[in-house]
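S.K.: Task: produce atomic coordinates for the following.
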Amino acid sequence: MSLSFWQIALVAVLFLLLFGRGKIPQLMGDLAEGIKSFRKGVSDVSSDTEESNQLKKADSVEGKS
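M.R.: Model prediction:
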């Protein structure tokens, strides 16, 4: 099932009516800020995981010596 032009246009008009012209740029800015924050959080978690893995490897190498 694909969306037709009229269905997309109807959704766009309803979106515009609900939020108004002035609110849409603000909503998009907030959405972009949220995405940036999410990406930063994900990269922080992955870097923390990599650091802990490196520390575990270093501890295991020192324990074998």
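S.K.: neighbouring contacts of stretch 28-41?
M.R.: The contact list for stretch 28-41, computed with Cβ atoms under 8 Å, 6 or more residues apart in numbering, is empty. Where you see a C-beta, it was placed from the backbone N, CA and C, and this is true even at glycine.
S.K.: distance between it and the chain's centre?
M.R.: When distances are taken as Cα atoms, centre = their mean, to the nearest Å, stretch 28-41 is centred 6 Å away from the chain's centroid.
S.K.: likewise stretch 18-30?
M.R.: The answer for stretch 18-30 is 19 Å, by Cα atoms, centre = their mean.
S.K.: Can I get that stretch in PDB? Just the C-alpha atoms.
M.R.: Only the C-alpha atoms of stretch 18-30 are listed here, as PDB (Å, rounded to 0.1, in the frame of the first residue of the first chain):
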ATOM      1  CA  LEU A  18      -2.500  22.000  14.200                       C
ATOM      2  CA  PHE A  19       0.800  23.700  14.800                       C
ATOM      3  CA  GLY A  20       0.700  26.900  12.700                       C
ATOM      4  CA  ARG A  21       3.400  28.400  10.500                       C
ATOM      5  CA  GLY A  22       5.400  29.900  13.400                       C
ATOM      6  CA  LYS A  23       5.500  26.700  15.400                       C
ATOM      7  CA  ILE A  24       6.900  24.400  12.700                       C
ATOM      8  CA  PRO A  25      10.500  25.800  12.600                       C
ATOM      9  CA  GLN A  26      10.600  25.700  16.400                       C
ATOM     10  CA  LEU A  27       9.500  22.100  16.400                       C
ATOM     11  CA  MET A  28      12.100  21.100  13.800                       C
ATOM     12  CA  GLY A  29      14.800  22.900  15.800                       C
ATOM     13  CA  ASP A  30      13.800  21.000  18.900                       C
END
